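*Asks:* The sequence and its predicted three-dimensional model are supplied below.
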Amino acid sequence: MTSLCRNLVALLFFVLPPMHSHFFTNAASASPPITHPQIIHMTDMGSDRQDDYDSEEEYDTTKAPPRVVKVPKMHQKPQLCKYDACSENQVPCATLFEQTGCLCPGMSGANVPPHPPRIRALVPVSEGSDRGKIQVQWCAPSSVVSEYRIVIEGRDGEVPKFGDASRRGLVRSLEVGTKVCVVAVNNAGSSDPSEFSCKRYEFHESSDHTLMAWIIGGGVTLLLLVVIAALICVKYKKFRKGKRDSTDGLTKAASMTHGGGHKRTQNNN
């Protein structure tokens with residue numbers, strides 16, 4: 001009995017190791033392979049770079065697909081458009097944006113009444129065919145504008161109109177203290193007058209007028225000096241003549257007196 005048990009143990013010792021290894025081999029082959037996804041960093045460099053990756057490496061279809069992480073491309077800081085709201089007949093800022101991609105100032109739409117423009121100056125015209133008129137200068141608002149109007153205090157029936165690209169306009173001569181306002185207009189309405197869209201006319205003499213005034217004043221002063229000097233000379237001559245006449249009279253009187261006394265002396269002798 002003891003020998004039979006030993007034989008059974010020996011038989012199990014030779015049979016069980018091959019079965020154990022075969023079991024674990026089948027279990028290992030049934031489990032899927034452990035793979036790590038490949039990460040590829042890409043930028044906005046076009047499709048040529050992706051083709052290079054495809055040509056350089058052929059991916060194994062049994063592996064997990066690579067995870068693509070798109071890195072945003074760094075852009076330069078946008079620049080403001082070279083647009084001056086006070087310059088006349090310039091390229092619209094919207095056109096500059098389409099051409100260069102620059103940034104325009106914020107503007108209200110055509111369906112909203114425009115903001116009031118800013119009046120710059122009221123300059124009298126001193127030369128040319130427009131001499132005597134007043135040039136009104138203004139800056140455009142940050143709004144869509146179809147035309148500009150100049151409203152003058154005390155002239156209700158006269159409202160000069162100018163195009164949307166205009167930044168100046170001529171009006172008839174103004175009295176000092178007259179209020180002038182520039183109004184922006186579009187399809188939605190017109191701007192309201194404000195403290196910076198209106199200005200009172202104050203006449204300031206130009207340098208030419210000042211120079212002419214100095215010349216005239218100097219000429220008048222010189223003429224007065226000449227007249228005063230002439231009067232002084234005349235009075236002085238009269239004074240000299242009167243003094244000379246007085247001296248001559250005294251001399252004649254003295255000589256006559258001396259001659260009479262001499263004759264009396266001779267008669268007495």
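*Replies:* On my side now, so go ahead.

*Asks:* Is the nearest residue to E147 once chain neighbours are set aside in a helix, a strand, or coil?
*Replies:* Leaving out its chain neighbours, the residue that sits closest to E147 by Cβ to Cβ, 6 or more residues apart in numbering is V185, at 5.1 Å. Where you see a C-beta, it was placed from the backbone N, CA and C, and this is true even at glycine. Under the three-state scheme (DSSP: H, G, I helix; E, B strand; the rest coil), V185 adopts strand.

*Asks:* quick one: contacts for V185?
*Replies:* P114, V145, S146, E147, Y148, R149, S191 (Cβ atoms under 8 Å, 6 or more residues apart in numbering).

*Asks:* Number of residues surrounding the fifth one?
*Replies:* Applying other Cβ atoms under 10 Å, we find 26 residues neighbouring Y148.

*Asks:* and it, which of the three is it?
*Replies:* strand.

*Asks:* Relative to K237, how far out is it?
*Replies:* Y148 sits 72 Å away from K237, going by Cβ to Cβ, to the nearest Å.

*Asks:* picking up where we left off before, can you tell me which of the contacts of V185 is closest to T178?
*Replies:* R149 (16.3 Å; Cβ to Cβ).

*Asks:* Return the residues in contact with the closest one.
*Replies:* With Cβ under 8 Å, 6+ apart, R149 has these contacts: V159, P160, K161, F162, V182, V183, V185, S190.

*Asks:* Quickly list what it is bridged to.
*Replies:* Legend: beta-bridge partners of R149 under DSSP bridges are K161, V183.

*Asks:* ok, back up a step: from the contacts of R149, list the buried ones, please.
*Replies:* F162, V182, V183, V185, S190 (16 or more other Cβ atoms under 10 Å).

*Asks:* so, if you compare those, which one comes nearest to V123?
*Replies:* Closest to V123, out of all of the buried ones among the contacts of R149 and judged by Cβ to Cβ, is V182, at 14.0 Å.

*Asks:* which one is that closest one nearest to, not counting chain neighbours?
*Replies:* In space, V182 is closest to W138, 4.5 Å off (Cβ to Cβ, 6+ apart).

*Asks:* Setting the sequence-adjacent residues aside, check what's closest to S190.
*Replies:* Here the residue nearest S190, using Cβ to Cβ, 6+ apart, is V183, at 5.2 Å.

*Asks:* Now do the helices for the stretch 101-250 of the chain: every range, in order, please.
*Replies:* Applying DSSP state H, counting those that start in this stretch to the stretch 101-250 of the chain gives helices spanning 207-268.

*Asks:* so the residue nearest to V182 touches R168, yeah?
*Replies:* Yes: judged on Cβ atoms under 8 Å, W138 makes contact with R168 at a distance of 7.3 Å.

*Asks:* Between those two, point out the one with more neighbours.
*Replies:* W138 (28 against 15).

*Asks:* Next up, the contacts around that one.
*Replies:* C86, P117, R118, I119, R120, Y148, R167, R168, V182, S197.

*Asks:* make it 7 Å
*Replies:* Contact partners of W138, counting by Cβ atoms under 7 Å, 6 or more residues apart in numbering, are P117, R118, I119, R120, R167, V182.
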